[in-house]
Structure formats: C-alpha cells, structure tokens
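Visitor: build me a structure from this.
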Amino acid sequence: MKKVLMLGTGGTIASGMTQSGLIPVLSTQELVEKVPEISELCDVTCRQLFSIDSTNITPAHWLSIAEAIRENYDDFDGFVIAHGTDTMAYTAAALSYLVQGSPKPIILTGAQKPILFENTDSKANLTDAFRCAVSDLRGVMIVFNGRVILGTRARKTRTTSLQAFSSINYPVLAVLQNGFLMEYIRPDCFDRPRFYDRLNEHVGLLKMTPGTDCGLLSYLIDHNDAVIIESYGVGGLPSYQGSGYFDVLRSAIARGDKTIVMTTQVQNEGSNLAVYDVGFHLKNDLHLLEAYDMTTEAALAKLMWILGQTRNAAEIRRLFCTPVAYDMLYLKAEAKG
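Guide: You can find the predicted model right below:
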C-alpha cells in the first residue's frame, strides 16, 4: 500500500461555526478520520503545519509547505495539502516554482462547505485527492469537484458553488468520476524534483481602472522590486496627454533595479501588447515583460521565485520567459510561428 503525507493548513474544510463566523478548528488527523475510505486507498501520515483561514496565507507559509515536502519527499509516494480555497490557486502556483518537476503527485484540495456540515463537499474532494496522490500523476495540482487542474493554471472562479476552480488557458489534466481517475494529460517531470527555498515577496499588483492616477503605479514601484500591471483587453496603458504612465515607467526602467510585467485582467486567452498602439510602445520602446497567457497568480508567484534567486535584469527576463510547469504557452507558439 502506498504511503501519503497529508499536510494541514486550515481552511474551510477544517472549519467550524463560531459567533463570529467560520474558523479552522479540526486537525488534519480529524479530517482523515471522518473519511474512512481514505484508509482503503493508502497509508496516511498526518502533519499539521498551521491552522489558518487562507486569507492569512503569506509567502512564508508557502516556503513552510515546500520545506515539509522536501524533508519528507523520499519517504512518501504522494502528498495531499488541505488548504482554504480563497488563496489555494496562489499556493498551487508558488509550489509549482518551489518544487519543480516532481515525479510524485503533490495535491492541493479543500472544500466550499466545512466537513462538519451535512451538505459538505469535503469528503468527496479528500477522497479524490488521495486517489490522485496514489496515482501516476506528477507535479503540483489542485483536485476539486472531480477535476484535476495544473498548479500554474488554476483560479478560483466561483465564491460558493462546488465547482470553485477553473483551468485557465489550459485543459484539465484529468477528471474523476464514480471513483475512477481518467487522465488526459501527463506533464513532463524530472527524475528528482528541484527544490527552492527563497522567495522575494516584494512584488506589487496594480489593477487598472478608468481614471487610475499614475501616482499609484509610482508608489508601488517605489515600495516593491517588481510590479505587475493588470491592464485591459490584450494590453496597454493610457497614453492621453497628462496621463503620466509612460513617464513613470521610463523613470523606473532608468533606475535599473525594477521589474515591470504587463498582463491582462481578462481571464481567458491572455495578453498581446503588439496589437494596439497603447501597448505597442510598452513592448517595443520600453521593453516591458509580458505575461501572455499566464494567470496573474502564476505571474506573481513566478516573480517572487525569480527575484529570490537573482536581481540581474537579463537573468530575470530569461527566467520569466522560460516556461515552468506549463505556465506559459504563448512564447512557444510565437517561436514556432
């Protein structure tokens, strides 16, 4: 029987109702005991890393999870991480960069309804997660409501529905139906995973809205080592007289120690700065990095990982434009074209 390590972090799945709302109250061991089917699938070892609402997740928590996987990697066949849904996509993306190319499955799951509730989805999600953890799947994935989603491609797209997560700009890896795992895509992996233990959390995010003052961008640049700008459509920034964005960006680039990445706030299909004049000059004159079809969650986690390894501008650009865990496909298509 295969051995699986379950790491507990809290979240809705482990929550109980209090006078002030839901709060994590159950341990990882208690979660497993409420799903007897798991013991028929594998030999489970439980470890409680922390017990928090996932709103309180920080990059330090991501490093703790990655370290727990590294310390126990040779002793287990797979890993299940019980996690809150609100930031699960960020954690899945971060782990995809901190534990690269794992030949063993690293599964994140959770629930929209606590396991203590009668109408919970916790038991089905946990059972599916362990079924995936003893399979031949590889790498970091989210398993939720019968779908297996690549860690760099997941996003929470529904706040209360059981189908909480979607795979963005990439097919689901597999589905689970009636206890059967149907695998569609098997990502490549290394013989041994590459572990990393440094992140730079000084990465800011600006979501553009009509009339946004360029002073907000200037502030974020001053207080971070990198800034992601979520623009409209395929990408661009206001260029009307007095908007000030290009001046702010030219000044930041001249400093030589800031990284700016353009992406889109549109969920599907990605950015392409070359299409419109408002984006063309960002790419061809200012030479800003572009996230293309990456999710914002992946772009943010990737920048934190990159800046944790280097501050050299050329190396930052090279690493960002190098796909990791299928986080970016547009560049590959562009190269073939």
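Visitor: can I see the domain layout of the chain?
Guide: What the record gives for the chain is the domain set 3-195, 203-336, from automatic domain parsing.
Visitor: could you dump the ones you listed to TSV with mean neighbour count?
Guide: Glycine gets a C-beta too; all of them are placed from N, C-alpha and C. Formatted as TSV, the domains of the chain follow (neighbours: other Cβ atoms under 10 Å):
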stretch	mean neighbour count
domain 3-195	20
domain 203-336	18
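Visitor: sec struct for residue 47, please.
Guide: strand (DSSP: H, G, I helix; E, B strand; the rest coil).
Visitor: give the contact list for it.
Guide: 5, 6, 7, 8, 28, 68 (Cβ atoms under 8 Å, 6 or more residues apart in numbering).
Visitor: and it, what are its bridge partners?
Guide: Note on residue 47: beta-bridge partners residue 7, judged by DSSP bridges.
Visitor: quick revisit: tabulate the domains of the chain in TSV, adding columns for mean pLDDT.
Guide: Formatted as TSV, the domains of the chain follow (pLDDT from 0 to 100):
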stretch	mean pLDDT
domain 3-195	97
domain 203-336	93
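Visitor: residue 189 is in contact with residue 136, correct?
Guide: No - Residue 136 is beyond contact range of residue 189, at 10.5 Å (criterion: Cβ atoms under 8 Å).
Visitor: any common contacting residues for those two?
Guide: Contacts common to residue 136 and residue 189, judged by Cβ under 8 Å, 6+ apart, are absent.
Visitor: returning to what we had before: out of the contacts of residue 47, which comes closest to residue 249?
Guide: residue 68 (39.7 Å; Cβ to Cβ).
Visitor: could I get the helix or strand containing the closest one in PDB with only the CA atoms?
Guide: For residue 68, the host element (DSSP states H and E) is helix 59-72. Below are the C-alpha coordinates for helix 59-72, written out as PDB (Å, rounded to 0.1, in the frame of the first residue of the first chain):
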ATOM      1  CA  PRO A  59       4.800  33.600   1.100                       C
ATOM      2  CA  ALA A  60       6.400  32.400   4.400                       C
ATOM      3  CA  HIS A  61       3.700  29.800   4.600                       C
ATOM      4  CA  TRP A  62       4.500  28.600   1.000                       C
ATOM      5  CA  LEU A  63       8.100  28.100   2.000                       C
ATOM      6  CA  SER A  64       7.000  26.100   5.000                       C
ATOM      7  CA  ILE A  65       4.900  23.800   2.900                       C
ATOM      8  CA  ALA A  66       7.600  23.300   0.300                       C
ATOM      9  CA  GLU A  67      10.100  22.600   3.100                       C
ATOM     10  CA  ALA A  68       7.800  20.000   4.600                       C
ATOM     11  CA  ILE A  69       7.600  18.300   1.200                       C
ATOM     12  CA  ARG A  70      11.400  18.400   0.700                       C
ATOM     13  CA  GLU A  71      12.100  16.900   4.200                       C
ATOM     14  CA  ASN A  72       9.700  14.000   3.600                       C
END
